[in-house]
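Peer 1: What would the 3D arrangement of this be:
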Amino acid sequence: MNHYTRINLKEREVIAEMRFKEESIRSIAKILNRSPSSISRELSKGYSSKFFH
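Peer 2: Numbers count the residues shown, from 1 in each chain. Below is the predicted model:
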């Protein structure tokens, strides 16, 4: 069974800031030690984009 941890508020802030700076999903994933698919799912939920609205 794979165990995962949810993306927390601080990580969401980092994702939002890095996407605002037009960083790639892969570079964000590498910095946060997450899979690119996790970052992509988070962005598709739209939570991270709310930090800059």
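
Peer 1: Where does pLDDT dip in the chain?
Peer 2: Applying pLDDT under 70 to the chain flags residues 1-2, 47-53.

Peer 1: hey, where'd the helices end up in it?
Peer 2: With DSSP state H as the criterion, the chain has helices at 9-20, 25-32, 36-45.

Peer 1: can you put those in JSON lines and add distance to residue 3 and mean neighbour count?
Peer 2: (C-beta placed from N, C-alpha, C; glycine too.) What follows is those, written out as JSON lines (distance: least, Cβ to Cβ, whole Å; neighbours: other Cβ atoms under 10 Å):
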{"stretch": "helix 9-20", "distance to residue 3": "17", "mean neighbour count": "16"}
{"stretch": "helix 25-32", "distance to residue 3": "17", "mean neighbour count": "16"}
{"stretch": "helix 36-45", "distance to residue 3": "13", "mean neighbour count": "16"}
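
Peer 1: how about residue 7, what does it touch?
Peer 2: By Cβ atoms under 8 Å, 6 or more residues apart in numbering, the contact list for residue 7 reads 15, 34, 38, 42.

Peer 1: I figured the last one was touching residue 16, is that so?
Peer 2: No. With contact defined as Cβ atoms under 8 Å, residue 42 does not reach residue 16; the gap is 9.6 Å.

Peer 1: How far away from the center of its chain is stretch 21-41?
Peer 2: Offset of stretch 21-41 from its chain centre (Cα atoms, centre = their mean, to the nearest Å): 6 Å.
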